[in-house]
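Chemist: quick check, what structure comes out for this input:
(3 chains)
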Amino acid sequence: MTYATTETPGGPPPGWPTTEAAATAVQDELRGRVVLDEPGPVPGEPLTVVGVDVAYDDERDVVAAAAVALDAETLDVVAEATAVGRVAFPYVPGLLAFREIPTVIAALDRLPVRPGLVVCDGYGLAHPRRFGLASHLGVLTGLPTMGVAKNPFTFRHEPPGPRRGDASPLLDGEEEVGRALRTREGVKPVYVSVGHRVSLDHACGFTLRLAREFRLPETTRAADALCRAALREA
DNA sequence: GCGACAG
DNA sequence: ATCTTGTCGC
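Modeler: Below is the predicted model of the structure:
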């Protein structure tokens, strides 16, 4: 599988933004390509779900990404891939995608299966300019994507009910940009938002199916473990 | 102007 | 994200 960004062994692709102003301009331009009106893959039907995550060593200017493909029904790992690169952008809230995406796409390129859905660490639509990491990855790859974040960003929400599956809207004014979703009783919720070509209801359904035993989806847990291991060996 | 702020 | 010991609990 080869996706949008060009090949550049270690570093960011040619033309990758280097300033915050250039990066926000890219977001404003690509935002219009996000597809929000497809229900997308259906929770409970056969699917290959891919988790992606990244680990950093800013000292050495090294970033390692992992893509782990799971059978959505059994949660068995069916394929995995990693990639190592140079840090492409500093961490700036709202511009996370510019830091993670080049290496994530390199890892996806090496994955020998076609993802039916990609689950990202972080947000998609729930973003100041409605174009978070998951949205950006979706537009560049064309794949259905969604985001599951561990912390609330800048959106307000009521605490969801206490039971697994309880949810409350993440609100930007009156607009529901995502959902705080309880995956485990007595444990703080995760924050779900759509990326590309998947509905919020389905994204929440997948999150619950992927996170039965732990707070976070197995896709995220598997990708996190793998990218950390890849960073050590880099 | 001053905080807050996904990873 | 990352720096980090022990500790409580299944």
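Chemist: the closest residue to DNA strand C within chain A: which element?
Modeler: Closest residue of chain A to DNA strand C, Cβ to the nearest atom of the strand: A:Ala55 (3.4 Å). For the C-beta atoms, the positions are set from N, CA and C on the backbone; glycine is no exception. Element membership for A:Ala55, per DSSP states H and E: strand A:48-57.
Chemist: then A:Arg99?
Modeler: Per DSSP H and E, A:Arg99 falls inside helix A:96-110.
Chemist: ok, then the element right after that helix?
Modeler: Scanning forward in sequence from helix A:96-110 by DSSP H and E, the next helix or strand is strand A:117-121.
Chemist: can you tell me if the helix holding A:Arg99 touches DNA strand B.
Modeler: Yes: Helix A:96-110 comes into contact with DNA strand B when judged by Cβ under 7 Å from any atom of the strand, the residues involved being A:96-97.
Chemist: and that helix, what does it pack against?
Modeler: The elements that helix A:96-110 packs onto, with contact taken as 3 or more Cβ pairs under 8 Å, 6 or more residues apart in numbering; DSSP states H and E, are helix A:20-30, strand A:48-57, strand A:62-71, strand A:77-86, helix A:133-141.
Chemist: ok, back up a step: how far off centre is the strand holding A:Ala55?
Modeler: Per Cα atoms, centre = their mean, to the nearest Å, the displacement of strand A:48-57 from the mean C-alpha position of its chain is 8 Å.
Chemist: mind saving the C-alpha coords of that strand as CSV?
Modeler: In CSV, the C-alpha atoms belonging to strand A:48-57 read as follows (Å, rounded to 0.1, in the frame of the first residue of the first chain):
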residue,chain,number,x,y,z
THR,A,48,-9.3,-5.3,9.5
VAL,A,49,-8.8,-2.5,12.1
VAL,A,50,-5.5,-0.8,12.2
GLY,A,51,-4.1,1.1,15.2
VAL,A,52,-1.3,3.6,14.7
ASP,A,53,0.9,5.4,17.3
VAL,A,54,4.2,7.2,17.6
ALA,A,55,7.0,7.4,20.1
TYR,A,56,9.6,10.1,20.3
ASP,A,57,13.2,10.7,21.3
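Chemist: chain neighbours aside, what residue packs nearest to A:Leu125?
Modeler: In space, and not counting its chain neighbours, A:Leu125 is closest to A:Ser193: 4.8 Å by Cβ to Cβ, 6 or more residues apart in numbering.
Chemist: that neighbour and DNA strand B: what is the separation?
Modeler: The gap separating A:Ser193 from DNA strand B is 8 Å, by Cβ to the nearest atom of the strand, to the nearest Å.
Chemist: got the contact list for the most far-flung residue of chain A relative to its centre?
Modeler: Relative to the C-alpha centroid of chain A, counting by Cα atoms, centre = their mean, A:Pro162 is the outermost residue, at 25.5 Å. The contact partners of A:Pro162, taken as Cβ atoms under 8 Å, 6 or more residues apart in numbering, are A:182, A:185-186.
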